[in-house]
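Participant: Kindly return the folded structure for what I paste below:
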Amino acid sequence: MIRIISLTDAGERLGKRLANEIEGSELWHKPKPFTEKVQSAFTDGDRLILICATGIAVRTLASVLKDKYTDPAVLVLDEQGQFVIPLISGHEGGANDWGKDIANLLSGQLVSTTAKAYLKPVYTVGMGCERGCPSDHLADLLDDCLIKVGLSLDDIHSISSIDIKSDEVGLIGLAKQIGKPFQTFDVPQLETVEEQLSMRSEYVFGVVGVYGVAESAALYASEQVTGEKAELMLVKQKTAKATCSISRSYRV
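Facilitator: Next up is the predicted model:
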């Protein structure tokens, strides 16, 4: 869910415009109690567009920030919509790319402080699953993950997994269905990104030899495409049958 929050009459006008243009969004004008409502939306994982001063946004969210891997994206806009600031989760949460889209929508200016804002991002998906997992189940999981970071299938470079899944019919079928390459990597290759994992599963390690299939495959695939260090844009998301993660690196 996307929450658009305004505090002034001019901000409300801009908020209504955005709510009409952005699917899955809802405008809150002067929500009360303000801090509690905004913090609750944030901790529930809602993406936020705050039409207010940056200082208000920072003070409101400071106490509920956790880490760049799990915090949802937050944008701050002036009430005229001239400037769009990716405030929280620029890389991992997709605020930088989302901010660019909103700036284009409003014919405004993206104000990004990231050092890599001018580089072209490459997004790769890592997936793991139980044997025989249907491609439809994997497709639903992937769609959910893309929505969480504001990406579409067109943004994705490839689907990757561990080599023991090289013959996994569901993964092969998913890649064919969305028209993306499917590739797998062996344990020594995936071990090279071990330090970058957001979490480690001893159970998974005992079964396949790495601490996480989805995150490892996503990270390693990104680095193979660009030759640059990758970062997790979306940490492992899990269903009863599969896992999915999204990584990003930049073409220099």
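
Participant: Now stretch 46-59: buried residues?
Facilitator: Of the residues in stretch 46-59, those buried by neighbour count under the rule 16 or more other CB atoms under 10 Å are Asp46, Arg47, Leu48, Ile49, Leu50, Ile51, Cys52, Ile56, Ala57. C-betas here are computed from N, CA, C, even on glycine.

Participant: and that stretch, C-alpha only, in CSV?
Facilitator: The C-alpha coordinates for stretch 46-59 follow below in CSV (Å, rounded to 0.1, in the frame of the first residue of the first chain):
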residue,chain,number,x,y,z
ASP,A,46,3.5,0.8,3.6
ARG,A,47,5.5,3.0,1.2
LEU,A,48,5.1,6.7,2.1
ILE,A,49,4.9,9.9,0.2
LEU,A,50,5.1,12.7,2.7
ILE,A,51,4.2,16.2,1.4
CYS,A,52,5.9,18.2,4.2
ALA,A,53,9.2,19.5,5.4
THR,A,54,12.0,17.0,5.5
GLY,A,55,12.6,17.8,9.2
ILE,A,56,9.0,16.8,10.1
ALA,A,57,9.5,13.5,8.2
VAL,A,58,12.8,12.7,9.9
ARG,A,59,11.5,13.5,13.4
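
Participant: hmm, who's touching stretch 37-54?
Facilitator: With contacts defined as CB atoms under 8 Å, 6 or more residues apart in numbering, stretch 37-54 is touched by 1-8, 11, 14-15, 18, 25, 28, 31, 56-57, 60-61, 63-64, 71-79, 85, 87, 93, 98, 102, 148, 150.

Participant: So among those residues, which ones count as buried?
Facilitator: Members of these classed as buried by 16+ other CB under 10 Å are 2-7, 11, 14-15, 18, 25, 28, 31, 56-57, 60-61, 71-79, 85, 87, 93, 98, 102, 148, 150.

Participant: Poorly predicted segments of the chain, please.
Facilitator: 91-92, 113-119, 252 (pLDDT under 70).
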